[in-house]
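>>> what follows is a predicted structure for the sequence shown.
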Amino acid sequence: ASGGGGSITNSGFRTNYFYYGGISASGTTFTPAVDTLYCLPFIPGDSDTVTRIGLNVSTAEAGKRARLGIYEMVDGVPDTLVVDAGTVSLASTGDKEATISVLLDKSKIYALAYVVDSTTAIVTQRSGSIQLSGALNGSSTSTGTTHGWNKAHAFAALPSPFGSPTDTSSFQGLMWLRKV
């Protein structure tokens, strides 16, 4: 028997499995504000290429869209744009995904991002608890928890760098990455 610690290995992302970013809440939906860019933390389990980024729409709005993307985090906040995945339609309910090809580095932390041009579409937020917030995002107070970041941003191409984010203690929906 050896007398030392071990290491945990992960052989990458399983095909067609959903890997969530963000923090789940007790609620089931979130109504994003138009022209607000939201970011949710994401820690990859291994270095691997992901091919889809998405969110789920529970209340649709005809003719409206969400723009999705990924940022690399620097000093605990979203910073460098990794990919602007383009737009997905919010005109119907269900899963909405954009096709990407992004190699994630397991030594980095990322933020999944979205902005909408809708005033009434509602994004699904899973029930349950994935409490990364205190360990990953930190908080500016001893009694608060940051669940993600946002900033004013007109519905357009995602900015790089991200700019100055606002910490938020409110839940901001749920996004995912997956490998198809």
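Thanks, I have it.
>>> low pLDDT regions in this structure?
1-11, 22-28, 125-147, 168-171 (pLDDT under 70).
>>> distance of the residue nearest to the spatial centre of the chain from residue 32?
Centroid check for the chain by C-alpha atoms, centre = their mean gives residue 112 as the closest residue, at 2.8 Å. Relative to residue 32, residue 112 is positioned 13 Å away (C-beta to C-beta, to the nearest Å). All C-beta atoms are positioned from the backbone trio N, CA, C, and that covers glycine.
>>> ok, residue 77 next?
For residue 77, the distance to residue 32 - C-beta to C-beta - is 19 Å.
>>> quick one, which of these two is more surrounded?
residue 32 (22 against 19; other C-beta atoms under 10 Å).
>>> tell me the SS of the more buried one?
coil (DSSP: H, G, I helix; E, B strand; the rest coil).
>>> hmm, residue 174 and it touching each other?
No. Applying C-beta atoms under 8 Å as the test, residue 32 and residue 174 come out as separate, 11.7 Å apart.
>>> can you list residues touching both of these two?
Residues touching both residue 32 and residue 174 (C-beta atoms under 8 Å, 6 or more residues apart in numbering): residue 123.
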